[in-house]
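[1] Sequence and predicted structure are below.
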Amino acid sequence: MKSFIIAACAVAAFSASAVAAEIKVLSAGAVEPGLMRAAEGFKKASGHELRVQYNTAPQLAKKLADGETGDILIAPPALLDEQAKANKVSADGRVMLGRVGAGVMVRANASPPNIATTDALKQALLGADSIVYNTASSGQYIAKMIEKLGIADQVKAKTTLYPDAAAVVEHVAKGKGNEIGFSPVPEIKMSEPKGVKLVGPLPADIQNYTTYGAAELTGGTSKDAAKAFLAYLATPEAKQTFASAGIE
């Protein structure tokens with residue numbers, strides 16, 4: 001009953017405006033599958049439409065430093081905190097969306113490596129022709145993980161870094177050898193039609209999760225609609241939408 005009351009209040013909040021608005025969202029790419037579905041549900045309920053620009057967290061930080069603005073920022077808490085200190089993000093009304101784990105991908109028609117254990121993953125990386133990941137939050141963790149496995153020097157020459165997940169997917173999909181790529185699990189699942197497949201998440205003992213939240217940007221022009229979208233993101237319906245897309 002409590003959830004129903006909360007949801008009903010949120011629906012009233014984001015349905016209140018009679019004029020449909022366009023909400024500009026600056027978002028980390030890892031939550032794209034869930035955000036796309038949430039945007040559809042929100043539009044049906046409110047009439048408001050989202051225009052989303054996806055970037056890595058470092059790219060989002062640079063855009064904001066260069067003067068880019070919008071209505072909503074979706075990013076890891078550290079970046080939200082940083083932007084709040086700079087008065088670019090509201091300190092109130094933040095909504096946590098969930099966490100995303102790192103996964104392993106290979107070409108769609110390639111034999112999947114054994115990654116069931118940390119040692120198996122280590123051997124798979126040593127035997128790979130190419131290792132690919134990005135320079136975003138998830139990729140920074142992969143670099144540290146490889147160092148902890150003690151094989152950084154051995155795999156350095158065959159490691160390629162890209163600024164975002166899209167370039168990682170393209171590299172792996174177009175490969176002809178034994179390529180292994182790393183990316184957030186939801187992004188790999190979303191990219192499977194492009195020629196890659198998810199082997200699985202990292203082994204539990206070395207898995208890393210990146211948490212993402214949403215907050216209102218202070219320089220936005222669609223403030224009422226932005227607040228309505230944040231209210232929608234807090235509903236059980238929206239939470240389930242993100243969870244079904246692999247954002248726990």
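    Good, I have the coordinates.

[2] Could you find the closest non-adjacent residue to the most centrally placed residue in the chain?
    The C-alpha lying nearest the average C-alpha coordinate of the chain belongs to Ala30 (Cα atoms, centre = their mean; 1.4 Å). Counting by Cβ to Cβ, 6 or more residues apart in numbering, Ala30 lies nearest to Pro184, which is 4.1 Å off, once chain neighbours are set aside. No exception for glycine: its C-beta is placed from N, CA and C like everyone else's.

[3] From Gly139, how far out is the one you found?
    Pro184 is 10 Å from Gly139, where distance means Cβ to Cβ, to the nearest Å.

[4] next one: Ala226
    Per Cβ to Cβ, Ala226 is found 30 Å from Gly139.

[5] hey, C-alpha coordinates of the helix or strand that contains Glu82 in PDB?
    Assigned by DSSP states H and E, Glu82 belongs to helix 77-85. Only the C-alpha atoms of helix 77-85 are listed here, as PDB (Å, rounded to 0.1, in the frame of the first residue of the first chain):
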ATOM      1  CA  PRO A  77      28.400   9.700  -6.900                       C
ATOM      2  CA  ALA A  78      31.900  11.100  -6.900                       C
ATOM      3  CA  LEU A  79      31.200  13.200 -10.000                       C
ATOM      4  CA  LEU A  80      27.800  14.300  -8.700                       C
ATOM      5  CA  ASP A  81      29.500  15.400  -5.500                       C
ATOM      6  CA  GLU A  82      32.200  17.200  -7.400                       C
ATOM      7  CA  GLN A  83      29.700  19.100  -9.500                       C
ATOM      8  CA  ALA A  84      27.600  19.900  -6.400                       C
ATOM      9  CA  LYS A  85      30.600  21.600  -4.800                       C
END
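
[6] Between Pro184 and Gly139, which has more neighbouring residues?
    Higher neighbour count among Pro184 and Gly139: Pro184, with 31 against 24, using other Cβ atoms under 10 Å.

[7] For Lys239, give me its contacts.
    Taking Cβ atoms under 8 Å, 6 or more residues apart in numbering as the criterion, Lys239 is in contact with Gly98.

[8] To clarify, my last question referred to Glu68.
    With Cβ under 8 Å, 6+ apart, Glu68 has these contacts: Leu26.

[9] in the chain, which spans are strands?
    For the chain, applying DSSP state E gives strands covering 22-28, 49-55, 72-75, 95-107, 130-134, 159-162, 179-184, 196-201, 209-216.

[10] Neighbouring strands - and their directions - for the third one?
    Within its sheet, and counting by DSSP bridges, strand 72-75 is paired with strand 22-28 (parallel), strand 209-216 (antiparallel).

[11] try the fifth one
    Under the criterion DSSP bridges, strand 130-134 sits next to strand 159-162 (parallel), strand 179-184 (parallel) in its sheet.

[12] Which of these sits closest to Lys148?
    Closest of these to Lys148 is strand 179-184, at 14.3 Å (criterion: Cβ to Cβ).
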